[in-house]
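Q: need a structure here:
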Amino acid sequence: MTKTIKDLFKGFEDEVAGIQTLFSLGLMGHDSARPSIFGHFSLIKRFIKAQPLENQRDLWNTTVDLLNASKAFNHEIEKIRRDLLADCIKELENLNNTIHLQLHTQKNTTVKGNAKKANKPDTTVKGNAKKAKKANKPDAKFNWQGTQAQLVYLIEQLYKQGFLSPISQTEKHRLTAQHFTVKGETLNPKTLAQIRQNSLNRKGGKPKKVEKIEQIISAAKKQKD
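A: From the prediction side, this is the model:
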């Protein structure tokens, strides 16, 4: 029977539960627990990296969701869970860079191949290169004038109220960074994930000064209903 990412994660949780028990009894310190948990998690990483490149993003996103929902980590080793999540986000960023590089290489190869077949002068090749560069230029982004925390809260509410189709937290932050800037500054998905976690830790689970955002969401929800 072929194992799935959920099967591997269940085995990983069992290992974490055993380590958690030893940690709680004072038989294992944090310095030993962290490398041991990361060692077991490496089995999941190797499994994901062994899959076709086009499948890896979904597997990493599933792993992030499983880590967020896992009950195997209590408050004593919660920091290890956060470190694992940060590791997954880094792997996703590396994967996105690899995919982008491959697509860019394929496009360049296609442009050069077409130019060679047509046997056109160098000026035509340069013209094609300029067109390809223009085609690869990223679309303009929405420039949010509030804070990053307020933007993260707005996006979360749009998903929570059903205005947007459900996706993983990692994809939310990636798409937010892809389509928004904040006062002209580019966004980092990893930073957005940390901002969301910080907001959840605040009393009420909200950033400062979100009243206008809540009014807009409330009015839109009434129209939707």
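
Q: pull the helix or strand with minimum mean pLDDT from the protein.
A: Using mean pLDDT, DSSP states H and E, helix 122-135 stands out as the lowest-scoring helix or strand of the chain, at a mean of 53.

Q: after that helix comes which helix or strand?
A: Sequence-wise, the next helix or strand downstream of helix 122-135 (DSSP states H and E) is strand 142-144.

Q: how about that next one: buried residues?
A: Neighbour counts using 16 or more other C-beta atoms under 10 Å place Trp144 of strand 142-144 among the buried residues. Any C-beta I mention is one placed from the backbone N, CA and C, and that applies to glycine too.

Q: check stretch 50-59 too.
A: With burial defined by 16+ other C-beta under 10 Å, the residues of stretch 50-59 counted as buried are Gln56, Arg57, Leu59.

Q: got the residues you listed as JSON lines, with pLDDT and secondary structure columns?
A: Shown next, in JSON lines, are these (pLDDT from 0 to 100; DSSP: H, G, I helix; E, B strand; the rest coil):
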{"residue": "Gln56", "pLDDT": "92", "secondary structure": "helix"}
{"residue": "Arg57", "pLDDT": "90", "secondary structure": "helix"}
{"residue": "Leu59", "pLDDT": "93", "secondary structure": "helix"}
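
Q: is it possible to export those residues to TSV including distance to Ala86?
A: What follows is these, written out as TSV (distance: C-beta to C-beta, whole Å):
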residue	distance to Ala86
Gln56	18
Arg57	17
Leu59	17
